[in-house]
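1. Just to be clear, the model below is a prediction. Sequence and coordinates:
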Amino acid sequence: MAAQLAPTSALSDALVILGAAGIVIPAFARFRITPIIGFIVVGLLVGPYGLGSLVKNVPWLQYVTISNPHAIEPFAEFGIILLLFEIGLELSFNRLWAMRRLVFGLGAMELFGSALFVALVLMGMGQHVNGAMGMGLALALSSTALVLPISGTHGPVGRAALAMLLFEDIALVPIIFLLGALAPVAAEGAPSLVDILWKGALVIAALLVFGRVGLPRLFAQAAKTKSPELFLAASLLVVIAASLATGAAGLSPIMGALLAGLLIAETEYHTEVEAITKPFKGLALGVFLITVGMGIDLRVVAANFGPLALGVLGVVVAKALITGLLLRLWGQGRAIALETGILMASPSETTLIVLGTAAQAQLIQPATAQFWQIVTAIGLTITPLLAHLGRVSAGRLRNRGEDMGESVEEPEGQRTIILGFGRVGRLIGEMLAEHDRPYLAIDSEPAVVRGARASGLPVLFGNIDSAAVIDRLNLEQASAVIVTMDEPVLSLRIVRKLRALAPDLPIIVRARDPHHAAQLYRVGASHAVPETLESSLQLSEAVLVDLGVAMGPVIASIHEKRDQFRQQIMAEGELTVPPRLKVTRLRD
């Protein structure tokens with residue numbers, strides 16, 4: 001037993017990773033710098049090209065360096081899997097269906113447009129056409145693991161980035177098969193694309209059925225035990241099983257993780273699952289970033305600084321230009337197109353996979369693959385800096401009034417804050433103005449903000465889920481906050497944040513149905529109004545009266561049905577006072 005507990009390389013690797021997390025995150029947060037850069041710097045220092053290269057001369061360094069970088073790669077892959085799982089939790093099948101034009105329209109145009117542009121440039125530099133196509137497709141990919149934690153999945157930048165990255169993840173397997181088909185000599189024993197497609201479809205169908213039938217029962221049993229450990233085990237079991245299933249079928253494991261998140265998002269347990277798995281996602285993603293840093297040899301970079309710098313600059317400029325132009329053609333404003341284009345400009349962790357596949361297929365020379373792998377690692381390292389550059393540049397563009405119309409005059413003193421200024425939010429604003437109640441609205445759609453400002457309405461542009469935007473609202477001057485978005489997961493998260501910041505602030509929220517209303521009450525909503533409930537009852541009243549049913553029994557049955565929903569919301573929302581489901585009318 002003592003021998004089993006002796007110091008090992010695995011224990012020293014764990015010491016380095018946990019020490020990095022304990023030092024990097026607080027230190028970089030104090031200076032308001034993203035910890036992404038910190039983890040990559042740690043990888044540079046403790047990897048085989050940093051202090052790890054001195055272990056032979058200074059043996060004690062083995063305890064503060066990572067001796068076997070390949071040993072931690074599975075944990076890095078697990079970080080990406082958990083990231084896609086969390087993205088799935090923030091989505092829903094309805095939202096994903098609503099984004100289908102963005103995913104398969106904008107996403108396809110961005111990937112193939114960038115790939116074609118890069119391939120043409122490489123062909124002009126003398127690269128063979130097949131090799132240029134392989135490298136173009138590889139370098140056109142962008143990093144899901146780095147971009148989405150920076151942009152989020154809400155707001156115009158987050159939605160556009162999510163759509164393009166989702167298409168890239170879907171296209172990864174066909175890209176690898178395409179490179180295999182272009183190889184001078186076909187690989188023996190490789191499965192056919194048709195086999196992978198039918199097996200993948202079968203696995204996805206099985207996961208969908210299990211998600212509808214088995215997941216609610218699994219989590220219900222875990223919840224009954226009131227054991228956080230069992231709930232965590234069930235959550236990790238689902239995401240790992242789904243990833244292994246899609247991987248075994250020949251698809252990408254991250255597709256299974258995304259699907260697992262989508263399925264759990266449809267259950268009532270998604271908020272608890274998201275909270276309990278988030279620390280593991282952050283730590284595993286940190287391991288991935290450390291592996292990125294370990295892949296950079298600063299001596300090689302210094303020796304080839306000129307060509308590498310030109311390679312990074314060329315890829316970044318080409319992708320930013322293509323992505324920005326496509327977003328403008330898609331109807332986005334200049335500021336959004338600029339910020340998103342720069343954010344998506346660096347290569348991806350999957351670029352390394354595609355470059356390796358192209359080299360194995362003899363489409364490019366090993367030295368060429370190694371050069372562009374170093375370019376990719378540098379590109380991943382500067383992604384947070386590109387994100388900051390894009391954000392600052394877009395902010396300056398907006399401040400000049402070029403993208404959001406004229407500046408808005410915010411009301412002084414106490415005001416009502418409306419989050420979301422679509423059909424519902426605009427009507428609420430009109431009613432507040434009718435009764436001389438000042439309000440300030442915020443929306444993430446540039447077209448909505450431009451139109452409102454053109455009419456002289458006090459509407460700001462911003463990502464409603466952003467902490468910086470919530471700080472900008474000055475909640476201490478708010479008389480109430482009204483949340484109007486038809487996005488159940490987003491509204492739950494916003495209400496939870498608002499309630500933590502302002503315990504006594506009235507928060508009125510648009511709910512999708514009684515079940516969603518109960519969830520909103522549990523996270524701190526003052527009032528949750530189910531949009532489908534009252535309209536359904538009023539339609540029922542109109543139909544029954546037109547069919548000749550007496551008004552008295554109809555009204556009585558409507559009140560009885562409303563009371564049933566009220567009791568349901570009370571029970572599920574853990575309320576002690578019945579919720580208000582409608583405004584009292586004079587005739588009542």
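-> Arrived safely, thanks for sending.
2. where's the closest residue to F39 other than its chain neighbours, which helix or strand?
-> Excluding the flanking residues, the one nearest F39 by Cβ to Cβ, 6 or more residues apart in numbering is L289, at 3.6 Å. (C-beta placed from N, C-alpha, C; glycine too.) Under the criterion of DSSP states H and E, L289 resides in helix 270-294.
3. Packing partners of that helix?
-> Under the contact criterion of 3 or more Cβ pairs under 8 Å, 6 or more residues apart in numbering; DSSP states H and E, helix 270-294 touches helix 9-30, helix 35-46, helix 73-90, helix 144-151, helix 228-248, helix 366-381.
4. Now do that helix: distance to the chain's middle.
-> Centroid displacement of helix 270-294 relative to its chain, using Cα atoms, centre = their mean, to the nearest Å, is 13 Å.
5. In it, which of the residues would be classed as buried?
-> Neighbour counts over helix 270-294 (16 or more other Cβ atoms under 10 Å) mark 270-274, 276-277, 280-294 as buried.
6. just stretch 485-501 next, same as before
-> Across stretch 485-501, burial judged by 16+ other Cβ under 10 Å covers 485-496, 498-499.
7. And the helices in the stretch 301-450 of the chain?
-> Under the criterion DSSP state H, counting those that start in this stretch, helices of the stretch 301-450 of the chain are mapped to 305-329, 334-343, 349-360, 366-381, 383-399, 423-434, 446-454.
8. tilt between the second one and helix 305-329?
-> Helix 334-343 and helix 305-329 meet at an angle of 150 degrees, taking axes from the mean of the first three to the mean of the last three Cα atoms, to 10 degrees as the criterion.
9. Pull the residues that contact helix 334-343.
-> 147, 150-151, 156-157, 160-161, 319-325, 327-328, 332, 383, 386-387, 389-391, 393-395, 397-398, 402-404, 446 (Cβ atoms under 8 Å, 6 or more residues apart in numbering).
10. List buried residues within those.
-> 147, 150-151, 156-157, 160-161, 319-320, 322-324, 327, 332, 383, 386-387, 389-391, 394, 397-398, 403-404, 446.
11. domains of this structure?
-> The chain breaks down into these domains under automatic domain parsing: 1-67, 68-183+193-398, 414-511.
12. Pick the most deeply packed of these.
-> Stretch with highest mean neighbour count among these: domain 68-183+193-398 (a mean of 20; mean count of other Cβ atoms under 10 Å).
13. quick one: low-confidence parts of the stretch 251-400 of the chain?
-> Applying pLDDT under 70 to the stretch 251-400 of the chain flags the ranges 281-282, 398-400.
14. which residues does L230 contact?
-> Contacts of L230 (Cβ under 8 Å, 6+ apart): A222.
15. one more time with 10 Å, if that's ok
-> For L230, the contact set (Cβ atoms under 10 Å, 6 or more residues apart in numbering) comprises 221-224.
16. if we can go back for a sec, with distance to V549 added, can I get the helices and strands packed on helix 270-294 in a markdown table?
-> Output for the helices and strands packed on helix 270-294, formatted as a markdown table (distance: least, Cβ to Cβ, whole Å):
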| stretch | distance to V549 |
| --- | --- |
| helix 9-30 | 63 |
| helix 35-46 | 64 |
| helix 73-90 | 45 |
| helix 144-151 | 53 |
| helix 228-248 | 48 |
| helix 366-381 | 67 |
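17. L475 is nearest to which of those?
-> Taking Cβ to Cβ, helix 9-30 is the member of the helices and strands packed on helix 270-294 nearest to L475, at 22.2 Å.
18. Now do the same for that closest one: mean pLDDT, whole number.
-> Averaging pLDDT along helix 9-30 gives 69.
19. try stretch 122-139
-> If you average the pLDDT over stretch 122-139, you get 86.
20. Could I have the CA atoms of that stretch written out in PDB?
-> Taking C-alpha atoms only, stretch 122-139 is exported to PDB below (Å, rounded to 0.1, in the frame of the first residue of the first chain):
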ATOM      1  CA  LEU A 122      -1.900  28.900 -50.400                       C
ATOM      2  CA  MET A 123      -2.200  27.800 -54.000                       C
ATOM      3  CA  GLY A 124      -0.800  31.100 -55.100                       C
ATOM      4  CA  MET A 125       2.200  30.400 -52.900                       C
ATOM      5  CA  GLY A 126       2.800  27.200 -54.700                       C
ATOM      6  CA  GLN A 127       0.900  24.600 -52.500                       C
ATOM      7  CA  HIS A 128      -0.700  21.700 -54.400                       C
ATOM      8  CA  VAL A 129      -4.400  22.000 -54.800                       C
ATOM      9  CA  ASN A 130      -5.400  19.100 -52.600                       C
ATOM     10  CA  GLY A 131      -3.000  20.200 -49.800                       C
ATOM     11  CA  ALA A 132      -4.300  23.700 -50.100                       C
ATOM     12  CA  MET A 133      -7.900  22.500 -49.700                       C
ATOM     13  CA  GLY A 134      -6.900  20.500 -46.600                       C
ATOM     14  CA  MET A 135      -5.100  23.400 -44.900                       C
ATOM     15  CA  GLY A 136      -7.900  25.800 -45.900                       C
ATOM     16  CA  LEU A 137     -10.500  23.700 -44.200                       C
ATOM     17  CA  ALA A 138      -8.300  23.200 -41.200                       C
ATOM     18  CA  LEU A 139      -7.400  26.900 -40.700                       C
END
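21. roughly how far is that stretch from the heart of the chain?
-> Put simply, stretch 122-139 sits 31 Å off its chain's centre (Cα atoms, centre = their mean).
22. tell me the angle of the longest helix belonging to the chain relative to helix 270-294?
-> Criterion DSSP state H: the longest helix present in the chain is helix 193-225. Relative orientation of helix 193-225 versus helix 270-294 (the same axes, to 10 degrees): 130 degrees.
23. So what's the gap between helix 193-225 and the chain middle?
-> In terms of Cα atoms, centre = their mean, the centre of helix 193-225 is found 22 Å from the chain centre.
24. could you say what helices and strands it packs with?
-> Counting contacts by 3 or more Cβ pairs under 10 Å, 6 or more residues apart in numbering; DSSP states H and E, helix 193-225 packs against helix 155-182, helix 228-248, helix 253-265, helix 270-294.
25. If we use 6 Å, what do you get?
-> helix 228-248, helix 253-265 (3 or more Cβ pairs under 6 Å, 6 or more residues apart in numbering; DSSP states H and E).
26. So for it, mean pLDDT?
-> Rounded mean pLDDT across helix 193-225 is 81.
27. Report the angle between that helix and helix 253-265.
-> Going by the same axes, to 10 degrees, helix 193-225 makes 40 degrees with helix 253-265.
28. between helix 193-225 and helix 155-182, how many degrees?
-> Orientation note: helix 193-225 sits at an angle of 140 degrees relative to helix 155-182 (the same axes, to 10 degrees).
29. could you give the angle of helix 193-225 to helix 228-248?
-> 170 degrees.
30. for the helices and strands packed on helix 270-294, which one sits closest to A525?
-> Comparing the helices and strands packed on helix 270-294 by their distance to A525 (Cβ to Cβ), the top pick is helix 73-90, with 19.2 Å.
31. Any chance of the buried residues of stretch 485-501 in CSV with distance to T368 and pLDDT as columns?
-> Below are the buried residues of stretch 485-501 laid out as CSV (distance: Cβ to Cβ, whole Å; pLDDT from 0 to 100):
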residue, distance to T368, pLDDT
M485, 48, 85
D486, 49, 80
E487, 45, 80
P488, 48, 80
V489, 44, 78
L490, 44, 81
S491, 49, 85
L492, 49, 86
R493, 45, 84
I494, 48, 88
V495, 52, 89
R496, 50, 87
L498, 53, 88
R499, 55, 88
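32. of all the residues you listed, which two lie farthest apart?
-> Distances among the buried residues of stretch 485-501 were taken as Cβ to Cβ; the most separated pair is D486 and R499, at 20.4 Å.
33. Just the buried residues of stretch 485-501: which are in helices?
-> Judged by DSSP H, those include 488-496, 498-499 as members of helices.
34. Identify, from those residues, the entry nearest to L215.
-> V489 (16.2 Å).
35. What distance do you get for that closest one to P503?
-> Counting by Cβ to Cβ, to the nearest Å, the gap from V489 to P503 is 23 Å.
36. for G451, same thing?
-> According to Cβ to Cβ, G451 and P503 sit 35 Å apart.
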